[in-house]
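> got a structure for you, letters missing:
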């Protein structure tokens, strides 16, 4: 079972920055895409940013120009992969639980446990 471990959430100031990380390792399957989602008031998980295997990225309109998704991989460290979400110019509307998701070939999507982001002065 692949485990995605998120970190980096917490309290951010309006106009400030936070960086989320999502780490997993030991996966031999191809990764078809990875993304960050956040929980809506009705508990639906809405995509915030997505990184395709092609290297192209997608951002929901509300975060364009403020958030950046990126990925690092290290084949020397048990195929360790880290997905980042750099969040700048935070607003209270960014407050939510953020989840990372990776879609693996043959075994399908896997989610992280979620990390709380609260934006408040």
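Cool, got the structure. Quick caveat, the model's predicted, so the values are computed rather than measured.
> contacts and neighbour counts: CA atoms only from here.
Noted.
> Which strand residues bridge residue 49?
residue 36, residue 59 (DSSP bridges).
> Hmm, it is touching residue 57, no?
Yes: Residue 49 is in contact with residue 57 according to C-alpha atoms under 8 Å; the separation is 7.1 Å.
> Mind listing the shared neighbours of those two?
Here residue 49 and residue 57 have residue 69 as joint contacts, going by C-alpha atoms under 8 Å, 6 or more residues apart in numbering.
> And those two? Which one has more around it.
Using other C-alpha atoms under 10 Å, the more surrounded residue of residue 49 and residue 57 is residue 49, with 23 against 16.
> quick one: that one and residue 120, what's the gap?
Distance, residue 49 to residue 120, by C-alpha to C-alpha, to the nearest Å: 22 Å.
> same thing with residue 89?
Residue 89 is 12 Å from residue 120, by C-alpha to C-alpha.
> list the residues that contact both of the two?
Residues touching both residue 89 and residue 120 by C-alpha under 8 Å, 6+ apart: residue 14.
> In contact with the residue most central in space within the chain: list those residues for me.
In the chain, the centroid-proximal residue (C-alpha atoms, centre = their mean) is residue 36; its distance is 3.2 Å. Going by C-alpha under 8 Å, 6+ apart, residue 36 touches 47, 48, 49, 50, 85, 98, 99, 100, 101.
> can you rerun that using 7 Å?
Counting by C-alpha atoms under 7 Å, 6 or more residues apart in numbering, residue 36 touches 47, 48, 49, 50, 98, 99, 100, 101.
> Highest neighbour count among these?
Highest count within the contacts of residue 36 by other C-alpha under 10 Å belongs to residue 100, 29 neighbours.
> any idea how far residue 11 is from the residue nearest to it when sequence neighbours are not counted?
Sequence neighbours aside, residue 36 is the residue nearest to residue 100 in space, at 4.5 Å (criterion: C-alpha to C-alpha, 6 or more residues apart in numbering). Note on residue 36: its distance to residue 11, by C-alpha to C-alpha, is 18 Å.
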